[in-house]
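Colleague: Build me a structure from this.
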Amino acid sequence: MTSTDPAAIATTHLQHALHQERAHHDRCRATLAAMVDGAQEHVVTGEDVSASGADAEVLGYQLRSHAKAMRELPEGPLFFGRLDTDRQSLHIGRLRITERPADPPLVVDWRAPVSRAFYQAGARDPQGVSVRRRFGWAPGSRGDSADLTGLEDEHLDRGESRASEIVAREIERPRVGPMRDIAATIQPEQDDLVRGDLAVSMCVQGAPGTGKTAVGLHRAAYLLYTHPQRIRRGGLLILGPNRTFLTYISQVLPALGETGVRQSTLGEALGEALGAGVAARNAGSGVDGARAAVLKHDVRMAEVLRRALYARVGGGAGSVDSVVVPDGSYRWRVSAEELGRIVAGVRGEGPPYAVGRERVRTRVVRRIQAQAERRAGPQSNAWVRKVSGARAVREYVDAVWPRVRPEEVVAPLLGDPDVLEAAADGLLDGDEQQALLWTKPPRSWKSARWSAADLVLLDEVAGLIEHPKGYGHVVVDEAQDLSPMECRAIARRAPFGSLTVLGDLAQGTTPWAARSWETVLRHLGKPDAVVVPLTTGFRVPRAVLALANRLLERLDVEVPAARSLRGDGELRFRAADGDLVGAVVDAVRDALGREGSVGVVAADGDVGWVREALGAAGIAAGGADELGARVAVVPASAVKGLEYDHVVAVEPAAIVEAEERGLHRLYVVVTRAVAGLEVVHGRPLPF
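Modeller: Coordinates of the predicted model:
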């Protein structure tokens, strides 16, 4: 007898639908395995292709890269959604899966134009979609079809519009391990940013928990998919604030099918740009005083460095009456007046220093060539090369426009008061110059110990000498902490490419942190970039954001307050009553009674005793870079960009007092909580 109970009918329909979708997933899994095997077969076949050496090498590289990328795809569910229209049903996933290239795909890549309706369609604008289906997978699924545990249909053609429980569960799932991709949960406003035009630079002012980092990473994946040749030709660079943060986000792009994207800190990129020289070996070994560091990051240093570099130009001209080049029975001569005009003309054109040096050489040779051709007719290329390498020409160019390394410019500037005074006249006052000078100058630039800020100065000079190779697109996270000089270093790496700038002015914690995006974008060379605010929080609970917004009112930045879609989560305060150590241990034990990761965040100077106290209490705790640890003790200075289900914030007053922008640091700390925040304090709260 057939049941007429609506609940029983719905359960039967659900089980039937799940059975069909699991069968489709099995088919997709088998097809993907065949695609991986096929990619390797293409490598073997390609090795036998008859082609020129260069073409064969390029083809082989492309085939091997594709096969490697296919083999390295992470395990996991192959689709997370489905779109039903009048004509077809399309499964949406992280990678296109098809049995044969000409056949309709079993799974459509989430970045394909047809997939956009999955994120943008709604009851008011169904965009041709009759039903949008979302799939619920067991947490941590490695792609077993049995892990498909639920599905959710939204009938847009009937005007249905409701919040997705599957999306809510995915967003609220405990945060253990590296950051996950959000391809299944992208919201319409995030999707607009992800699919923005490659040619347009954008700045995302994202409040805590709004997904700005995820948006930037998914935008990188989208651009690689949509403009593969242009992006791969120029390269794509992702810059993060520290190595811990980069480790945390490192699995997002591979999960989206994109491997081989360079992810680096700016300091690493600057160090690599120095090459394998002495400066690279000593990079980061020096330490600056607070005032010296601030001055080195000041944009005025750009002009100081330019003056110091170009002070070398023309220095030897006074000792040169003329350039005389013997040529068989002839002697060709370029007068001092002509030489002076050549140098002045090149300098007025403002080319990179190394280019200017070669222009001087070329124009001197042209003057000699003109004399020779008036007397004996056209000269061969071999003759021109001979004159260009003549001793008199070489010595003149070396004297008037000497070859120079960045270290040879910066070291005298920081070690010799007279050199610094000449370059900084009218830009830096006497006290500022004194603060910049090394206390004990090294005997030579080869033995100098370069600080992190010095690398920025060296890169500025390197950029004046020769423009670096630019990237097609650069994603810059935590950009609010960049100094003007660091922005200039990034701008040199994307002179013709575009930028995705991510950050939150309220989370600026460096002494040079930005107060406005207008200033940052100007120094980045993209003054016309559009600034888009993200204010809807999906991660941080409402109670925690309410506390953060109270702090926001006291910060010296104008950014819109965030609002949270999450009504769950807890905010608790625990007064230590004279026993701060015991209160911290008790708070961590309480957090361990709940599901998810626990981040214990304290002022940098308090991390040692906090770790010892937890160890004495039998609680194992890892550090900020141990992403799989259940409990992590994290210094406040390293917590930016990370997130934990439960955060225990230790003595907020100490966090605030530890640095100049301590309130901003505390704002960062309290907004790392995904499920609950407990504030442990023995002193009055700075809220």
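Colleague: Let me know the next secondary structure element after the helix or strand bottoming out on mean pLDDT in the chain.
Modeller: Ranking every helix and strand in the chain by mean pLDDT, DSSP states H and E puts helix 278-281 at the bottom, with a mean of 52. The element immediately downstream of helix 278-281 (helix or strand, assigned by DSSP states H and E) is helix 290-296.
Colleague: Could you list every helix and strand that that following helix packs against?
Modeller: Helix 290-296 is packed against helix 430-436, helix 452-465, with contacts defined by 3 or more C-beta pairs under 8 Å, 6 or more residues apart in numbering; DSSP states H and E. All C-beta spots, glycine's among them, are computed from the backbone N, C-alpha and C.
Colleague: What are the contacting residues of the first one?
Modeller: By that I understand helix 430-436. Residues outside helix 430-436 that contact it (C-beta atoms under 8 Å, 6 or more residues apart in numbering) are 289, 291, 292, 295, 296, 414, 417, 420, 421, 424, 428.
Colleague: And the pLDDT for the closest residue to residue 189 other than its chain neighbours?
Modeller: Spatial nearest neighbour of residue 189, excluding adjacent residues (C-beta to C-beta, 6 or more residues apart in numbering): residue 534 at 6.9 Å. Reading off the confidence values, residue 534 has pLDDT 94.
Colleague: and residue 193, which of the helices and strands packed on helix 290-296 is closest to it?
Modeller: helix 452-465 (29.0 Å; C-beta to C-beta).
Colleague: Quick one: distance of that closest one to the chain centre.
Modeller: 20 Å (C-alpha atoms, centre = their mean, to the nearest Å).
Colleague: for stretch 324-338, same thing?
Modeller: 54 Å.
Colleague: all strands of the stretch 401-550 of the chain, in order?
Modeller: 473-476, 498-503, 530-534, 536-537 (DSSP state E, counting those that start in this stretch).
Colleague: Take the ones you listed and lay them out in JSON lines including mean neighbour count and distance to residue 9.
Modeller: Formatted as JSON lines, these follow (neighbours: other C-beta atoms under 10 Å; distance: least, C-beta to C-beta, whole Å):
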{"stretch": "strand 473-476", "mean neighbour count": "25", "distance to residue 9": "49"}
{"stretch": "strand 498-503", "mean neighbour count": "26", "distance to residue 9": "48"}
{"stretch": "strand 530-534", "mean neighbour count": "17", "distance to residue 9": "42"}
{"stretch": "strand 536-537", "mean neighbour count": "20", "distance to residue 9": "37"}
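Colleague: and residue 424, what is it in contact with?
Modeller: 304, 307, 432, 433.
Colleague: Now do the helices in the stretch 101-250 of the chain.
Modeller: Here the stretch 101-250 of the chain has its helices, by DSSP state H, counting those that start in this stretch, at 116-120, 165-172, 188-194, 212-226, 228-234, 243-249.
Colleague: Just name the most buried of the ones you listed.
Modeller: helix 212-226 (a mean of 23; mean count of other C-beta atoms under 10 Å).
Colleague: That one packs against which elements?
Modeller: Checking 3+ C-beta pairs under 8 Å, 6+ apart, helix 212-226 ends up next to helix 188-194, strand 202-206, helix 228-234, strand 236-240, helix 252-255, strand 473-476, strand 498-503.
Colleague: now for those, which one comes closest to residue 147?
Modeller: The nearest among these, by C-beta to C-beta, is helix 252-255 at 16.0 Å.
Colleague: mind checking which helix or strand residue 679 is in?
Modeller: Residue 679 belongs to strand 673-681 when assigned by DSSP H and E.
Colleague: And for residue 627?
Modeller: Per DSSP H and E, there is no helix or strand for residue 627.
Colleague: One more: residue 364?
Modeller: In the assignment (DSSP H and E), residue 364 maps to helix 353-376.
Colleague: and after that helix, which helix or strand comes next?
Modeller: helix 381-388.
Colleague: contact partners of that next one?
Modeller: By C-beta under 8 Å, 6+ apart, helix 381-388 touches 325, 327, 332, 361, 362, 365, 368, 369, 372, 393.
Colleague: That helix to helix 353-376, inter-axis angle?
Modeller: If you take axes from the mean of the first three to the mean of the last three C-alpha atoms, to 10 degrees, helix 381-388 sits at 120 degrees to helix 353-376.
Colleague: How far off centre is helix 381-388?
Modeller: On C-alpha atoms, centre = their mean, the centre of helix 381-388 falls 47 Å from that of its chain.
Colleague: Check which element follows that helix along the chain.
Modeller: helix 391-400.
Colleague: what comes up buried for that next one?
Modeller: Residues 392, 393, 396, 397, 400 are the ones in helix 391-400 that count as buried (16 or more other C-beta atoms under 10 Å).
Colleague: which parts of the helix holding residue 364 are buried?
Modeller: 353, 356-357, 359-361, 363-365, 367-369, 371-372.
Colleague: The contacts of helix 430-436, buried ones only, as a ChimeraX selection?
Modeller: Per 16+ other C-beta under 10 Å, the buried members of the contacts of helix 430-436 correspond to this ChimeraX selection:
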select :292,295,296,414,420,424,428
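Colleague: Farthest-apart pair in the contacts of helix 430-436, please.
Modeller: Largest pairwise distance in the contacts of helix 430-436, by C-beta to C-beta, is 19.5 Å, between 289 and 421.
Colleague: which ones are touching residue 156?
Modeller: So residue 156 contacts 121, 122, 123, 126, 129, 130, 131, 132 (C-beta under 8 Å, 6+ apart).
Colleague: returning to that earlier point: can I get the contacts of helix 430-436 in TSV with pLDDT?
Modeller: Shown next, in TSV, are those (pLDDT from 0 to 100):
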residue	pLDDT
289	91
291	95
292	96
295	98
296	98
414	97
417	97
420	97
421	97
424	97
428	97
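Colleague: Mind listing residues that contact the strand holding residue 679?
Modeller: Taking C-beta under 8 Å, 6+ apart as the rule, strand 673-681 contacts 172, 174-175, 539-541, 543-544, 547, 568-576, 580, 583-584, 587, 590-591, 594, 596, 599, 643-653, 670, 685.
Colleague: What of stretch 288-296?
Modeller: Under C-beta under 8 Å, 6+ apart, the answer for stretch 288-296 is 301, 428, 432, 435-436, 451-454, 456-457, 485, 511-512.
Colleague: same question, stretch 537-545
Modeller: Contacts for stretch 537-545 (C-beta under 8 Å, 6+ apart): 171, 185, 187, 207-211, 548, 562-571, 643, 670-671, 673-677.
Colleague: can you dump the C-alpha coordinates of that stretch into CSV?
Modeller: The C-alpha atoms that make up stretch 537-545 are tabulated as CSV, following Å, rounded to 0.1, in the frame of the first residue of the first chain:
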residue,chain,number,x,y,z
GLY,A,537,30.2,38.9,8.4
PHE,A,538,29.7,35.2,7.9
ARG,A,539,32.3,34.0,10.4
VAL,A,540,32.4,36.1,13.5
PRO,A,541,29.3,35.7,15.8
ARG,A,542,27.1,38.7,16.4
ALA,A,543,28.0,39.1,20.1
VAL,A,544,31.7,39.1,19.3
LEU,A,545,31.3,41.7,16.5
